[in-house]
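>>> Have a look; sequence and predicted model below, questions after that.
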Amino acid sequence: MRYNRVLLVNSVLATSNTGALRPTAGIGYIAEILTKNKITYDVIDTALGYKMHHLKRKILEFRPDLVGFSTMTFGYKKTYEIINEIKTLPVKFDVIGGGSHISTERENVLRECSGIDLGSVLEGEKTIIELCEGKELSEIKGLIYREGNRVIYTGDREFETDLDSIPFAKYQKFELNKYLTKEIPLVTSRGCPFDCIFCAVETAVGRKFRARSPEYVVDEISYWVKRGYSQYTVTDDNFTLLKNRVYSICDELERRNLTNLSLRLGNGVRADKLDFDLLKRMKEVGFSHIAISAEAGNNRILKNLNKRETIEETKQAVKDACDLGFDVTLNFLVGSPGETWSDIEDSVKLALEFPVFEARFHNLIPFSKTKLFEWVKKNGHFVEPPSKYLNYVSQWIDKPVFFDQHLSLDERKKALSYTAKIRKTIMQKSIERKLKAWGLLAKIFGWILVSDWGQRMFYYNRTFRRFIDRGRQLYLQKESNTKGWSEPLKLD
């Protein structure tokens with residue numbers, strides 16, 4: 001064995017007031033494959049509020065010979081700083097990086113961060129096992145390593161087509177009681193065959209679509225039901241791509257009599273991969289929330305984004321979902337190529353046309369190696385270099401990082417501010433609609449929850465979040481009993 005003790009780190013060092021909604025599925029899968037191969041491991045999720053001294057103490061106590069970091073592009077320099085600092089500890093270990101940032105930037109990561117010894121590109125389950133077991137580095141596909149002053153990449157590993165052969169995450173060494181929600185993430189498929197200009201899925205995950213069998217998906221849900229969990233969020237990039245598979249998952253849930261579930265599609269699905277019958281069937285077995293990736297309010301901007309669907313398909317999917325009683329979130333982009341103020345108003349009109357729960361207007365961020373990034377770079381439209389904005393900005397921050405001739409920098413700032421207010425208005429109206437029996441109290445509660453303070457508490461305070469979730473579940477259980485539904489619905 002090359003490595004016998006592995007420490008897995010979710011490298012988002014949080015401030016004292018932040019938290020994490022749920023465990024990270026990617027690390028969970030690596031943990032499970034290590035367990036299957038009888039390799040000792042431990043986990044520290046720094047998003048739970050842990051600081052540098054906690055991480056150092058964990059390393060000194062656990063004494064790993066390999067530390068694995070899950071890396072994100074947002075704030076990647078901070079991750080580099082953390083890795084370089086822990087390498088100064090008086091213990092010897094190697095560091096391997098995985099995740100979307102490594103998969104996108106590859107050899108550049110090892111050139112930029114001296115503390116990273118190895119990198120795992122795309123799917124890492126087999127890579128880390130071969131690495132730990134001592135296989136020659138040059139023979140391990142999907143691996144980046146150092147050889148003297150050289151950084152070497154061994155080439156892409158074949159995508160795993162039999163996802164059922166990879167054990168689902170059981171989070172045995174995760175501190176599940178410390179997450180903001182009692183909700184389990186489900187990864188039922190990998191990859192997305194579409195090529196929207198803003199999406200980094202090709203380099204971060206891969207475009208080849210592969211799916212777990214319906215039976216194995218429901219095996220995972222059944223495992224967690226037996227442990228008292230009823231809330232799940234599907235994190236797939238394209239869950240409804242194969243409609244027959246979704247029907248089969250629904251049938252399997254029903255066959256096993258798994259009721260009172262709350263299943264969320266929070267990552268966003270394509271409108272053209274939904275229809276009334278499919279949504280109705282999903283609703284029957286416990287799907288309660290669906291995020292639809294609208295992106296824009298008219299066909300011209302959808303074409304600019306290479307979305308390959310129409311605004312008519314979007315409107316029909318939203319209408320169907322709302323008619324069936326789903327809590328619908330609409331995802332929009334602000335600042336797409338060629339977008340004008342009139343186009344932004346079209347997005348707002350779409351958001352206001354239906355009784356959706358929420359409309360999220362995301363600050364459009366160009367990620368490396370996407371078509372959007374190359375277009376902005378070619379035209380010299382960056383406000384500041386990616387090495388700077390990728391380390392402080394996010395889709396929620398009110399600061400544009402590029403411009404074009406159709407929407408000035410000032411107009412982009414105004415658009416982000418304007419759409420943020422629209423989002424709050426829609427959410428408040430939705431809460432009032434849900435709680436209309438409360439009268440004035442519904443308005444007060446809605447105002448509190450959508451305020452800046454309420455949003456901070458909802459997303460970063462475990463006690464407040466669980467209080468809201470508990471009250472919401474009690475309310476929705478009452479609604480379920482009143483209307484004869486077999487499952488409690490969720491508001492978000």
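Great, that's in hand.

>>> so where's this protein uncertain?
The chain contains residues with pLDDT under 70 at 12-19, 460, 462, 469-492.

>>> Show me it divided up by domain.
Annotated domains of the chain cover 5-153, 180-429 [automatic domain parsing].

>>> any chance of the ones you listed in CSV, with distance to Phe467 too?
C-beta: built from backbone N, CA, C; applies to glycine. Below are these laid out as CSV (distance: least, CB to CB, whole Å):
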stretch, distance to Phe467
domain 5-153, 14
domain 180-429, 11
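
>>> In a markdown table: the ones you listed, plus mean neighbour count.
Shown next, in a markdown table, are the domains of the chain (neighbours: other CB atoms under 10 Å):
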| stretch | mean neighbour count |
| --- | --- |
| domain 5-153 | 19 |
| domain 180-429 | 19 |
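
>>> Any idea which of the ones you listed gets closest to Asp162?
domain 180-429 (8.4 Å; CB to CB).

>>> and the end-to-end length of the closest one?
In domain 180-429, first residue to last residue: 25 Å (CA to CA, to the nearest Å).

>>> And stretch 202-217, by the same measure?
End-to-end distance for stretch 202-217: 24 Å, by CA to CA.

>>> now it, how far from the centre of its chain.
Relative to its chain's centre, stretch 202-217 lies at 15 Å (CA atoms, centre = their mean, to the nearest Å).

>>> try stretch 183-202
Distance of stretch 183-202 from the chain centroid (CA atoms, centre = their mean) equals 9 Å.

>>> Same question for stretch 274-286.
Put simply, stretch 274-286 sits 23 Å off its chain's centre (CA atoms, centre = their mean).

>>> what residues does it touch?
Residues outside stretch 274-286 that contact it (CB atoms under 8 Å, 6 or more residues apart in numbering) are 240, 243, 246-247, 250, 253-254, 258-263, 287, 290, 292, 317, 320-321, 323-326, 486-487.

>>> what does stretch 124-142 give?
Against stretch 124-142 from outside (CB under 8 Å, 6+ apart): 1-4, 6, 29-30, 33-34, 37, 39, 66, 68, 96, 98, 118, 120-123, 143, 145, 152, 154-158, 160, 166.

>>> mind checking the end-to-end distance for it?
Stretch 124-142 end-to-end distance (CA to CA) = 8 Å.

>>> Repeat that for stretch 151-162.
Per CA to CA, stretch 151-162 runs 31 Å from first to last residue.

>>> cool, stretch 255-262 as well?
Taking CA to CA, stretch 255-262 runs 17 Å from one end to the other.

>>> that older thread, just the ones in helices from the contacts of stretch 124-142, please.
Within the contacts of stretch 124-142, residues falling in helices by DSSP state H are 29-30, 33-34.

>>> Export those residues to a markdown table and append columns for distance to Leu279.
As requested, the ones in helices among the contacts of stretch 124-142 are exported to a markdown table (distance: CB to CB, whole Å):
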| residue | distance to Leu279 |
| --- | --- |
| Tyr29 | 29 |
| Ile30 | 34 |
| Ile33 | 35 |
| Leu34 | 38 |
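
>>> Closest to Arg308 out of the residues you listed?
For the ones in helices among the contacts of stretch 124-142, the nearest to Arg308 is Tyr29 (29.7 Å; CB to CB).

>>> for the closest one, what are its contacts?
Applying CB under 8 Å, 6+ apart, one finds that Tyr29 lies in contact with 125, 166-169, 187.

>>> one more time with 7 Å, if that's ok
Tyr29 sits next to 125, 166, 169 when contact means CB atoms under 7 Å, 6 or more residues apart in numbering.

>>> rewinding a little: show me the one of the domains of the chain that comes nearest Lys173.
Nearest of these (CB to CB): domain 5-153, 4.8 Å.

>>> Backbone dihedrals for the nearest residue to Leu409 once chain neighbours are set aside, please?
Leaving out its chain neighbours, the residue that sits closest to Leu409 by CB to CB, 6 or more residues apart in numbering is Phe403, at 4.9 Å. Phe403 adopts backbone torsions of phi -140, psi 170, taken as degrees, to the nearest 10.

>>> How about the contacts made by Phe403?
Counted by CB under 7 Å, 6+ apart, Phe403 has contacts 381, 383, 409, 412.

>>> From those residues, pick the one nearest Thr79.
Val383 (23.6 Å).

>>> Verify the stated contact: that closest one with Asp404.
No. The pair Val383 / Asp404 is not scored as a contact, 11.3 Å apart, by CB atoms under 7 Å.

>>> Mind jotting down where the helices sit in the stretch 301-450 of the chain?
Along the stretch 301-450 of the chain, counting by DSSP state H, counting those that start in this stretch, helices occupy 311-323, 341-353, 371-379, 386-389, 409-434, 440-450.

>>> any chance of the ones you listed in a markdown table, plus distance to Ser213?
Listed next are these as a markdown table, based on distance: least, CB to CB, whole Å:
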| stretch | distance to Ser213 |
| --- | --- |
| helix 311-323 | 26 |
| helix 341-353 | 36 |
| helix 371-379 | 33 |
| helix 386-389 | 40 |
| helix 409-434 | 36 |
| helix 440-450 | 39 |
